[in-house]
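Participant: I need the structure of the sequence given here:
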Amino acid sequence: MKSRIFLFGIMLSFSVFVLLSCSEKKDAAASTAPAVQESATETPFVVRIGGDSGAFSYQFRVAQKTGIFDKYNIKAEVSTFSYGIDTINAAILGETDSAEAMDFAAASRFSESNKLRIIATISSGLASGSHLYTRHSEVNSPADLRGKRIGVQKATANEYTWARLFDKYGINKEDVIHIYLGSNAELLAAYQANEIDAFWVGADIEKNIQEIPGSRNLGDNSLSGYLSVGFLLLDADIIAKNPAGVERFLKSLDEATVYIKDHPDETARIAYEDLKIPVDAALKTIENHRYQLRLLKEDVDQIADVANWSYENGLFRNKYNIYDFVDSGPLRNILPDRVTVQ
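Facilitator: Residues are numbered from 1 along each chain as shown. Next comes the predicted model:
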């Protein structure tokens, strides 16, 4: 009888212990539930991204392929266009939410009805990033391009580079035959077919150009005296409706920028997968780009200088204040030390 009572006491004590343990675990779980729930229910930032077919879009592609967008709860759709100007046109038409553009392309599209806003500088060019090639022995300097056919990427920084080169060497635009082409592939094909005499060549296709007999490098972008700066633009309505999401978007691109610097080989592999750019060419392109998220006054002032020069020289029809199309708030909130725009 005593043994039965003793056994019952042990079982009762064990049951009480189990109940207390379960209660403690339930209380602990309850104390952490709000944080887990808040993270799980955070509204995804949905954004349609327009990216060009070259190195300017690497940050978007890296963020998507490495899971950085997922980390910041960003649902991104990346669409590929030939050039930055095409991403702006798509955004203006409502096909995308964001755009990327070098200063000249961005400057050419701002107007009172344009809802795009510059929210960051994401890339800047190096003089070594592009070279002027010709396949004609009589062309020994840019001054010899009079009467020649040049390949031009219309409404891009490339068109502005040509304009500044002509200005520097005293060449009238009418003295050169402009052949406007829509992609690097078209420029390469036209050059190979001897349909153009000269064009600016980036690292992604330079190897192909060097293999053409008689093809010569006249010099890098310092010939024109102009180095482009690349910007990220976003629809003003999206900035107003989801400022926290925009900040997460910028954080993700900043992390992707660091990734490109630390993992150039993997970035080049992603470029090959997405754009079929040879890995060695992608690596060379990465070396000739300076990726960084910032928004400096001198960057925005460069757009103003480009716009004013283009207006005075007949490339643009309208004048405007570039600062009407800049929103420095999102980047200032997360990276204040990289913003000097007031």
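
Participant: Mind giving me the packing neighbours of the longest strand along the chain?
Facilitator: Assignment by DSSP state E gives strand 116-125 as the longest strand of the chain. Strand 116-125 is packed against helix 84-92, strand 98-102, strand 229-235, helix 236-241, helix 243-262, strand 289-294, helix 297-312, helix 329-334, with contacts defined by 3 or more Cβ pairs under 8 Å, 6 or more residues apart in numbering; DSSP states H and E. Heads up, the C-betas are built off the backbone N, CA and C, glycines and all.

Participant: So residue 208 belongs to a helix, correct?
Facilitator: Yes - using DSSP: H, G, I helix; E, B strand; the rest coil, the assignment for residue 208 is a helix.

Participant: residues near the residue nearest to it when sequence neighbours are not counted, how many?
Facilitator: With Cβ to Cβ, 6 or more residues apart in numbering as the criterion, residue 208 has its nearest non-adjacent residue at 5.9 Å, and that residue is residue 188. Number of residues near residue 188 (other Cβ atoms under 10 Å) recorded here: 19.

Participant: Residue 318 too?
Facilitator: For residue 318, using other Cβ under 10 Å, the count is 10.

Participant: sec struct for the spatially closest residue to it that is not a sequence neighbour, please.
Facilitator: Closest residue to residue 318 apart from its sequence neighbours, by Cβ to Cβ, 6+ apart: residue 111 at 6.6 Å. Following three-state DSSP, we place residue 111 in the coil state.

Participant: Any idea how many residues pack against residue 111?
Facilitator: Close neighbours of residue 111, defined as other Cβ under 10 Å, add up to 11.

Participant: what does residue 170 give?
Facilitator: 10.

Participant: so what's the backbone phi/psi at it?
Facilitator: Backbone torsions for residue 170, taken as degrees, to the nearest 10, come to phi 70, psi 40.

Participant: Residue 156 now?
Facilitator: Main-chain dihedrals, residue 156, degrees, to the nearest 10: phi -110, psi 180.

Participant: Who are the contact partners of it?
Facilitator: Residue 156 sits next to 83, 84, 85, 102, 104, 105 when contact means Cβ atoms under 8 Å, 6 or more residues apart in numbering.

Participant: farthest pair in those residues?
Facilitator: Greatest spatial distance among the contacts of residue 156 (Cβ to Cβ): 83 and 104, at 11.0 Å.

Participant: More neighbours: the two, which one.
Facilitator: residue 104 (29 against 25).

Participant: quick one, domains of this protein?
Facilitator: Split into domains by automatic domain parsing, the chain comes to 45-124+228-338, 128-223.

Participant: hey, which of the ones you listed is tucked in deepest?
Facilitator: Greatest average neighbour count among the domains of the chain goes to domain 45-124+228-338 (a mean of 19), per mean count of other Cβ atoms under 10 Å.

Participant: For it, what does the pLDDT average out to?
Facilitator: For domain 45-124+228-338, mean pLDDT is 95.

Participant: Check the offset of it from the chain's centre.
Facilitator: 4 Å (Cα atoms, centre = their mean, to the nearest Å).

Participant: so how far does that domain reach from one end to the other?
Facilitator: 23 Å (Cα to Cα, to the nearest Å).
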